[in-house]
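*Asks:* Predicted coordinates and the sequence they were generated for:
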Amino acid sequence: MPRLVGALIAIVAALSIALQVSATAAPGFALKWGYYGSSTGQFSSPNGISSNGADFIYVADTFNARIQVLHRDGTFIRSIGSAGTSAGQFQAPFGVATDSVGNIYVADTYNNRVQVFSSAGAFLQT
């Protein structure tokens, strides 16, 4: 038991150091943002997250049926999609990824498809 407690203390200390390092190593990045809800910048079961490698973070806001685009400092930029089964609509988007030209790929879980959007959020294809 003492070894387990010692190991847990070491893990907590390492995480604390990592958070302090990341806070100073990446100025301009928010360490957390959002709260539970359905307004802009709020989330209901956020799952997938991706970055375009520059200023934007993409969050699969699963139960709000949308992808939220945030600036790296946590400022809300725009939403992509809405609830439904048509092109550009989602039923429980779970994963999100971006490619080298900025296209956004969304795993639209309950519609059993992957949808592709432009970097501006325009629907491209399923």
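*Replies:* Yep, it's here. These numbers were taken from a predicted model, which means no experiment stands behind them.

*Asks:* now the strands: where do they sit in this protein?
*Replies:* Ranges of strands in the chain, per DSSP state E, are 46-51, 56-61, 66-71, 76-80, 82-83, 89-90, 93-98, 104-108, 113-117, 123-125.

*Asks:* As JSON lines, the ones you listed with mean pLDDT would be great.
*Replies:* Shown next, in JSON lines, are the strands of the chain (pLDDT from 0 to 100):
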{"stretch": "strand 46-51", "mean pLDDT": "90"}
{"stretch": "strand 56-61", "mean pLDDT": "93"}
{"stretch": "strand 66-71", "mean pLDDT": "94"}
{"stretch": "strand 76-80", "mean pLDDT": "94"}
{"stretch": "strand 82-83", "mean pLDDT": "96"}
{"stretch": "strand 89-90", "mean pLDDT": "96"}
{"stretch": "strand 93-98", "mean pLDDT": "95"}
{"stretch": "strand 104-108", "mean pLDDT": "96"}
{"stretch": "strand 113-117", "mean pLDDT": "96"}
{"stretch": "strand 123-125", "mean pLDDT": "91"}
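
*Asks:* how does this structure divide into domains?
*Replies:* Structural domains assigned to the chain are 1-29, 46-125, following automatic domain parsing.

*Asks:* and residue 115, what does it touch?
*Replies:* Applying Cβ atoms under 8 Å, 6 or more residues apart in numbering to residue 115 gives the contacts 81, 87, 88, 90, 105, 106, 108, 123, 125, 126. For the C-beta atoms, the positions are set from N, CA and C on the backbone; glycine is no exception.

*Asks:* Show me the one of the domains of the chain that comes nearest residue 35.
*Replies:* Among these, domain 46-125 comes nearest to residue 35, with 11.0 Å by Cβ to Cβ.
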